[in-house]
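> What would the 3D arrangement of this be:
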Amino acid sequence: MINKNEICIIVGSYPQDHLDTTLVSLTIESFKRQGYDICLTSHTPVSNDLQKASKYFIYSDENYTLNFPEPSSIATYFANNEIHYTTNWGNRMGAHSLAILMNMKNALYLLKNKKYKSFIYVECDTFLNSNDHKILESKLNEIDFHNKDYWFMLESSTNMIIPVTTIFGGNIDYFSNKFTQIETEEDYLKIGSSIGGYSLEAIFSVLFCINPSSNSYLDNTRPRDLFSSNWLGISNYGTISIPGLDNSFDVEIDIVKQKGGLEDNVFFVVSQHSINKNIDLKMYKDNILIDQGNITTGPLYYWMFNKGEAQTWKFEIYYQDKLIKTVERTTENIFWNKWSFFEIKNVEN
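Residues are numbered from 1 along each chain as shown. Below you'll find the predicted structure:
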């Protein structure tokens with residue numbers, strides 16, 4: 001059986017508003033009520049109530065925001081018989097990852113001195129219900145967690161093994177020793193460059209997955225497949241979808257280059273969506289409106305424009321007459337970013 005007295009839960013947070021604060025509070029309470037000690041970390045200020053709810057609190061104002069020297073290969077994609085669309089969302093995935101990692105290192109240093117042997121790291125929206133905690137404890141017992149160097153769940157990827165960073169854990173000494181490889185921003189970017197990705201998932205793939213410890217457990221299970229809580233992972237790139245409420249509507253859009261044939265076209269893309277909503281859109285080239293219209297979200301939509309001599313591009317999305325999303329790209333960055341592209345395949349008649 002796992003010994004909760006030897007495990008501390010590290011809750012990583014970056015609260016920006018009252019909703020973020022609420023999520024942090026729920027996640028703390030979720031694990032605290034199971035008998036775990038809590039170490040809250042943040043690289044933005046948090047309320048006194050959150051600090052009091054945690055046994056330990058670590059804050060750093062070293063809010064690193066990275067600029068990546070190469071396009072990140074950590075990308076999402078859509079493909080069928082006619083098109084292939086891949087994007088790393090403007091090469092910004094993981095811009096705050098170094099700040100998160102440094103706070104994690106600070107927490108491990110503290111917990112080691114407090115004589116804990118193991119830790120579990122969770123993001124601020126890792127709220128598990130009572131049944132999920134039973135599943136988690138069963139999983140930890142099954143893998144002999146106390147005697148493992150580390151445990152990661154895995155996401156599938158076409159390019160690499162991607163460890164899940166929303167919930168993972170292991171031996172404090174082992175992680176502390178691994179993290180000595182990263183002391184500066186240059187260290188972080190060097191490791192990222194070795195694999196072509198700069199998100200925390202990419203860094204951890206190098207440190208823990210490519211040549212895994214013989215005493216590790218890499219689990220081909222995703223959190224959403226293991227746990228049932230509707231509140232798990234409800235925060236996504238600044239948007240929080242509260243279960244049971246008519247949530248504010250968001251849509252993913254991008255501006256990418258053409259791949260294949262003559263690479264002289266630019267594509268505006270509205271990604272697939274599980275909800276059907278009417279939205280208005282406007283497209284600009286060098287601040288001149290070049291197209292506008294109305295669509296119903298659901299399928300993937302795209303528009304193609306010739307690059308010409310244009311320097312800047314902008315895509316605006318309106319929902320119920322309100323601007324809800326804007327993406328701006330320079331032509332230089334669009335064509336430099338090799339991991340974001342749109343390809344129209346040759347279809348035989």
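
> what about the longest helix in this protein?
Longest helix in the chain by number of residues (criterion: DSSP state H): helix 97-113.

> mean confidence score for that helix?
Here helix 97-113 scores 95 as its mean pLDDT.

> how about low-confidence regions in the stretch 201-349 of the chain?
Low-confidence regions of the stretch 201-349 of the chain, defined by pLDDT under 70, span residues 236-239, 246-248, 260-262, 346-349.

> mind listing the helices for it?
Ranges of helices within the stretch 201-349 of the chain are 223-226, 331-336, based on DSSP state H, counting those that start in this stretch.

> which of these sits most buried?
helix 331-336 (a mean of 16; mean count of other C-beta atoms under 10 Å). From N, CA and C alone the C-beta is placed, and that goes for glycine too.

> Which segments of the protein make up each domain?
4-68+92-240, 253-344 (automatic domain parsing).

> what about the helices in the stretch 1-150 of the chain?
Ranges of helices in the stretch 1-150 of the chain, per DSSP H, counting those that start in this stretch, are 18-32, 48-53, 97-113, 130-142.

> can you put those in a markdown table and add mean neighbour count?
What follows is those, written out as a markdown table (neighbours: other C-beta atoms under 10 Å):
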| stretch | mean neighbour count |
| --- | --- |
| helix 18-32 | 19 |
| helix 48-53 | 13 |
| helix 97-113 | 20 |
| helix 130-142 | 15 |
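
> I'd like to know which of these lies nearest to K277.
Among the helices of the stretch 1-150 of the chain, helix 18-32 comes nearest to K277, with 21.1 Å by C-beta to C-beta.

> and the gap between N129 and S54?
21 Å (C-beta to C-beta, to the nearest Å).

> So for those two, which residue has more residues nearby?
Higher neighbour count among N129 and S54: S54, with 20 against 15, using other C-beta atoms under 10 Å.

> ok, how many other residues are close to W89?
As a measure of burial, W89 has 19 neighbours, counting by other C-beta under 10 Å.

> Run through the residues that contact the closest residue to it other than its chain neighbours.
Take W89 and drop its neighbours on the chain: the residue closest to it by C-beta to C-beta, 6 or more residues apart in numbering is D254, 6.6 Å away. Contacts for D254 (C-beta atoms under 8 Å, 6 or more residues apart in numbering) come out as 87, 89-90, 268-269, 271, 315, 327, 340.

> Identify the farthest-apart pair in those.
With distances taken as C-beta to C-beta, the most widely separated pair in the contacts of D254 is W89 and F268, at 14.3 Å.

> which stretch among the helices of the stretch 201-349 of the chain comes nearest S72?
Of these, nearest to S72 by C-beta to C-beta is helix 331-336, at 12.2 Å.

> which other residues reach the closest one?
So helix 331-336 is contacted by 71, 90-91, 255-257, 263, 266, 307, 310-313, 340 (C-beta under 8 Å, 6+ apart).

> May I see the helices of the stretch 201-349 of the chain organised as TSV, with distance to D286 added?
Below are the helices of the stretch 201-349 of the chain laid out as TSV (distance: least, C-beta to C-beta, whole Å):
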stretch	distance to D286
helix 223-226	42
helix 331-336	9
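
> for those, which one sits closest to E62?
Closest among those, using C-beta to C-beta: helix 331-336, at 26.8 Å.

> Just the CA atoms of the closest one, as PDB, please.
The C-alpha trace of helix 331-336 is given here as PDB (Å, rounded to 0.1, in the frame of the first residue of the first chain):
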ATOM      1  CA  THR A 331       5.000  36.500 -43.700                       C
ATOM      2  CA  GLU A 332       8.500  35.900 -42.500                       C
ATOM      3  CA  ASN A 333       7.400  33.900 -39.500                       C
ATOM      4  CA  ILE A 334       4.800  32.000 -41.400                       C
ATOM      5  CA  PHE A 335       7.300  30.700 -43.900                       C
ATOM      6  CA  TRP A 336      10.100  30.200 -41.300                       C
END
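
> Show the model's pLDDT score for S199.
Reported pLDDT for S199: 87.

> Show me the strands in the stretch 101-250 of the chain, by range?
Secondary structure of the stretch 101-250 of the chain (DSSP state E, counting those that start in this stretch): strands at 118-123, 150-155, 162-171, 216-219, 235-236, 239-240.

> what's the most buried one of the ones you listed?
When you average the neighbours per residue for each of those (mean count of other C-beta under 10 Å), strand 118-123 leads with a mean of 23.

> by contact count, what packs against it?
strand 7-13, helix 18-32, helix 97-113, strand 162-171, helix 172-178 (3 or more C-beta pairs under 8 Å, 6 or more residues apart in numbering; DSSP states H and E).

> Tell me which residues of stretch 292-301 come out buried.
Buried positions in stretch 292-301, judged by neighbour count with 16 or more other C-beta atoms under 10 Å: 297, 301.

> do you know how far the residue lying closest to G90 once chain neighbours are set aside is from T76?
In space, and not counting its chain neighbours, G90 is closest to R329: 6.7 Å by C-beta to C-beta, 6+ apart. According to C-beta to C-beta, R329 stands 17 Å off from T76.

> Pick out whichever of those two has more residues nearby.
Set R329 next to T76 and count neighbours by other C-beta under 10 Å: R329 wins out with 21 against 15.

> Contacts only, for the more buried one.
Per C-beta under 8 Å, 6+ apart, neighbours of R329: 90, 255, 312-314.

> Next: V24.
Taking C-beta under 8 Å, 6+ apart, one finds 11, 13, 15, 40, 46, 50, 124 in contact with V24.
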